[in-house]
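> Need a 3D model of the sequence below.
(one chain, ligands or ions: 1)
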Amino acid sequence: MTAMQAQNTLAGQIVSAIREVVGAGPAMLHEPSFNGNEWLYLKECLDSTFVSSVGKFVDRFELELAEFTGAKHAVAVVNGTAALHIALKLAGVTAGDEVLVPALTFVATANAVTYCGAIPHFVDSDVATLGIDAAKLRDYLLSHTEQRANQCVNRASGRIIRAMVPMHAFGHPVNLDELLAIARDFNLALVEDAAESLGSYYHGRHTGTFGLMGTLSFNGNKTITTGGGGAILTNDVELARHAKHLTTTAKLPHRWEYRHDEIGYNYRLPNLNAALGCAQLEQLPRMLAAKRELFCRYQAAFMQIAGVKLIAEPDQCLSNYWLQTLLLDAERADQRDRVLQASNDAGFMTRPAWALMHQLAPFEECPRMDLSMALSLSRRLINIPSSASLVPDAI
Ligand SMILES: *Cc1c(COP(=O)(O)O)cnc(C)c1O
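As a prediction, this is how the structure comes out:
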């Protein structure tokens, strides 16, 4: 193929569009940026010797997270998966239950369900949000479940479906109004996996604050990072107290005695990580602005290209644009691997969506509805370089 011909393929056009926006490259998928008080706060930690489970940055990080998201309470934990584990446990998920989880998600969502001894039950996606398809879920629950003593029972398995975990994929809010209505109508607890959506709003309110609880992640590839970290958001003071207790070994407060009143977890966030988090939170508004600007630049570049569209925030939502995402037209799905190859060869890190959960060995036997949209999306989605630092003038 000549250079001219390569330019004209869909893959060639996509690589050119990425280059037009981010420059010559190379560009990672998502890099953290540390442009604020990170060094200062970390040094303060070291100087104080409070690097571990005690220290002022943990309390401060929790207060500032609550303030930023509008949640009444935030409990900082060691990572987003641990946050999901504890949120599900506090939502009443126990051994032998089923929990509705999107098939199109990162593995942590399904893993956390199994940590409670429960079984993930996979549901399909909505092309408009990339999250759970609420209308399809309602029809499915109507025909496949029955209410027994105010519990939702899966007729096929006889198990109780205890909860649902919508996930805001790549930062785009799901249809929360309809999912909350389903949760009410079918007696399901709703826990939001908001790991990817810090800074995303549904109808003006921050994601992760709608359900009984919501969870965040501050892993190195997320919008802001604490190295590793996560948080549980809730408006319920009792749930917040219990989440803090369970994630700090369930120790009863006492000046010298070690007494634990239930089986707890060592899931607390170290002070060092929280210090990083406080500095990152100060930078968050600028990073969100940069990521939005990056979206606008990509949108202008991809508008010209037939066969592919850049995913935009759903109606009445503000997305954090954590990962910028291309969706190939259905007839172009066969081009995906060529796009991945050409872009990675050119130094632009791109990757497909996750393998669907029911395709992973540990979850092959799990119950599921028809997953045709999730399957179609998983063959057509491509994440492209998304770091805030790609818009240096904005951060
Ligand atoms: C990042 C992420 C998590 C949590 O990840 P940790 O690495 O444990 O912090 C959970 N769910 C989704 C969808 C994620 O993207």
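> Return the residues of the stretch 101-250 of the chain in contact with the ligand.
105-106, 108-109, 167, 193, 195-196, 217, 219, 230 (CB under 6 Å from any ligand atom). All C-beta atoms are positioned from the backbone trio N, CA, C, and that covers glycine.
> Of these, grab the buried ones for PyMOL.
In PyMOL syntax, the buried subset of these is picked out as below (16 or more other CB atoms under 10 Å):
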select buried, resi 105+106+108+109+167+193+195+196+217+219+230
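> and which of the residues of the stretch 101-250 of the chain next to the ligand is nearest residue 385?
residue 196 (16.3 Å; CB to CB).
> buried set for stretch 338-353?
For stretch 338-353, the neighbour count (16+ other CB under 10 Å) marks 339-340, 342-343, 346-350, 353 as buried.
> Just the residues contacting that stretch, thanks.
Outside stretch 338-353, the residues that touch it by CB atoms under 8 Å, 6 or more residues apart in numbering are 6, 9-12, 14-15, 18-19, 22, 24-29, 104, 326, 328, 336, 377-378, 381-385.
> from the chain's centre, how far out does that stretch sit?
When C-alpha coordinates are averaged (CA atoms, centre = their mean, to the nearest Å), stretch 338-353 and its chain have centres 22 Å apart.
> Now it - C-alpha only, CSV.
This file holds the C-alpha atoms of stretch 338-353, laid out as CSV (Å, rounded to 0.1, in the frame of the first residue of the first chain):
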residue,chain,number,x,y,z
ARG,A,338,-6.6,-2.3,11.8
VAL,A,339,-7.3,1.0,13.7
LEU,A,340,-5.8,-0.4,16.8
GLN,A,341,-2.7,-1.6,14.9
ALA,A,342,-2.2,1.6,12.9
SER,A,343,-2.7,3.9,15.9
ASN,A,344,-0.4,2.0,18.3
ASP,A,345,2.2,1.7,15.5
ALA,A,346,2.1,5.5,15.1
GLY,A,347,2.7,6.0,18.9
PHE,A,348,-0.9,6.8,19.9
MET,A,349,-2.0,4.4,22.5
THR,A,350,-5.5,3.1,21.8
ARG,A,351,-7.3,0.1,23.1
PRO,A,352,-10.6,-1.7,22.6
ALA,A,353,-13.3,-1.9,25.2
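> could the residues of the stretch 101-250 of the chain next to the ligand go into CSV alongside secondary structure?
Shown next, in CSV, are those (DSSP: H, G, I helix; E, B strand; the rest coil):
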residue, secondary structure
105, coil
106, coil
108, helix
109, helix
167, strand
193, strand
195, coil
196, coil
217, strand
219, coil
230, strand
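> Let's see the pLDDT reported for residue 304.
If you check residue 304, the pLDDT there is 89.
> what about the helices in the protein?
Assigned by DSSP state H, the helices in the chain fall at 3-8, 10-22, 38-48, 56-69, 80-90, 107-115, 134-144, 176-186, 237-247, 271-302, 336-345, 372-380.
> who wins for proximity to residue 163 among those helices?
Closest approach to residue 163 among these (CB to CB): helix 80-90, 6.5 Å.
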